[in-house]
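Chemist: build me a model from this:
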Amino acid sequence: MAWFKRKEKGITTPTEEKKDSPNGLWHKTPSGKIIHVKELQENAYVCPDDNFHERIGSTEYFEILFDRNEYTELDANMSFADPLEFVDSKPYPERIKASQKKTGLKDAARSAYGKINGKDLCVCCMDFNFIGGSMGSVVGEKIARAIDYSLKTKTPFLMISKSGGARMMEAGFSLMQMAKTSAKLALLEEAKVPYISLMTDPTTGGVTASFAMLGDFNIAEPGALIGFAGPRVIRETIGKDLPKGFQSAEFLLEHGFLDFIVNRRKLKDTLTTLLRLLEN
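Modeler: Next up, the predicted model:
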């Protein structure tokens, strides 16, 4: 039974020299398959086996959309104020600073302009990792200023929504952003500058009730949750069970709330085609 015994010494790797696999090297899809993160990135963060669209933020969307990942960010250093001096489990400024440190973002939205397939486009994108993508004063002001840039330069505007709704820590100031952004979009419509609203998973609350549903074209990613109140609240209010797939992008498309659903892998080319049609 000598072949079961190791006669030579020193052929194993010492414990102190063993190396662990880097964190984040592999990704497990909802169907249980394991794929390399690089493959996922090259596939626009869409799982190739089940078409599941992973949640991504502004950095990834800008990388997918802008030619050679070249863009100019608008109001990059805009940060929060605390007019209400809100305190919950901890003061609001502390929560903001913790989120900024964790995510590397100033707030839950970033805006930039550049070119996609040679076409000018201004994009504002929400980041769910920053306090659930909630809409506060900074988010509303960034959207408003991005629209101002589109108005000034006659550049089509794309809004990528991914949010839990209004930010409760800013109370009325947060709700005011619904009216402000909607009013700005009315100016965009008067100037006949195209506005495309892309709803991703999830798009809910005051965001859905304002700018997310006001696009000249309202589009969504497959499987995205889109709605105002949650299913449980609606069920308890109307006292009835909800239809299967309620508040999914596919359900909304079937009932006329969306113009079309676009796979993220085809997003850039689809937007380019749409912009060309609008030009003509």
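
Chemist: measure Leu277 to Pro243 for me?
Modeler: 33 Å (C-beta to C-beta, to the nearest Å). Glycine gets a C-beta too; all of them are placed from N, C-alpha and C.

Chemist: could you do Lys152 as well?
Modeler: Here the criterion is C-beta to C-beta. By it, Lys152 lies 44 Å from Pro243.

Chemist: show the contacting residues for Ser210.
Modeler: With contact taken as C-beta atoms under 8 Å, 6 or more residues apart in numbering, Ser210 is in contact with Gln177, Met178, Ala179, Thr181, Ser182.

Chemist: kindly reformat the residues you listed as JSON lines containing pLDDT, distance to Ala212 and secondary structure.
Modeler: As requested, those are exported to JSON lines (pLDDT from 0 to 100; distance: C-beta to C-beta, whole Å; DSSP: H, G, I helix; E, B strand; the rest coil):
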{"residue": "Gln177", "pLDDT": "96", "distance to Ala212": "12", "secondary structure": "helix"}
{"residue": "Met178", "pLDDT": "97", "distance to Ala212": "10", "secondary structure": "helix"}
{"residue": "Ala179", "pLDDT": "97", "distance to Ala212": "14", "secondary structure": "helix"}
{"residue": "Thr181", "pLDDT": "98", "distance to Ala212": "10", "secondary structure": "helix"}
{"residue": "Ser182", "pLDDT": "97", "distance to Ala212": "10", "secondary structure": "helix"}
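
Chemist: filter the residues you listed down to the buried ones.
Modeler: Among the contacts of Ser210, those buried by neighbour count (16 or more other C-beta atoms under 10 Å) are Gln177, Met178, Thr181.

Chemist: Leu214 is in contact with Leu188, isn't it?
Modeler: No: using C-beta atoms under 8 Å, Leu214 makes no contact with Leu188, being 9.4 Å away.

Chemist: now do the shared contacts for these two.
Modeler: Tyr195.

Chemist: about what we covered before: ok, so of the buried ones among the contacts of Ser210, who is nearest Val139?
Modeler: Closest approach to Val139 among the buried ones among the contacts of Ser210 (C-beta to C-beta): Gln177, at 6.6 Å.

Chemist: from Lys142, how far off is the closest one?
Modeler: 10 Å.

Chemist: for Phe246, same thing?
Modeler: Phe246 is 31 Å from Lys142, by C-beta to C-beta.

Chemist: what's the answer for Phe173, then?
Modeler: Distance of Phe173 to Lys142, computed by C-beta to C-beta: 14 Å.

Chemist: which one's more surrounded, these two?
Modeler: In terms of neighbours (other C-beta atoms under 10 Å), Lys142 is the more surrounded of Phe173 and Lys142; the figures are 25 against 16.

Chemist: show me what contacts that one?
Modeler: Lys142 is in contact with Leu74, Asp75, Met78, Asp107, Ala109, Arg110, Ser111, Cys124, counting by C-beta under 8 Å, 6+ apart.

Chemist: could I get the average pLDDT for the helix or strand harbouring it?
Modeler: In the assignment (DSSP states H and E), Lys142 maps to helix 137-153. Mean per-residue pLDDT for helix 137-153: 98.
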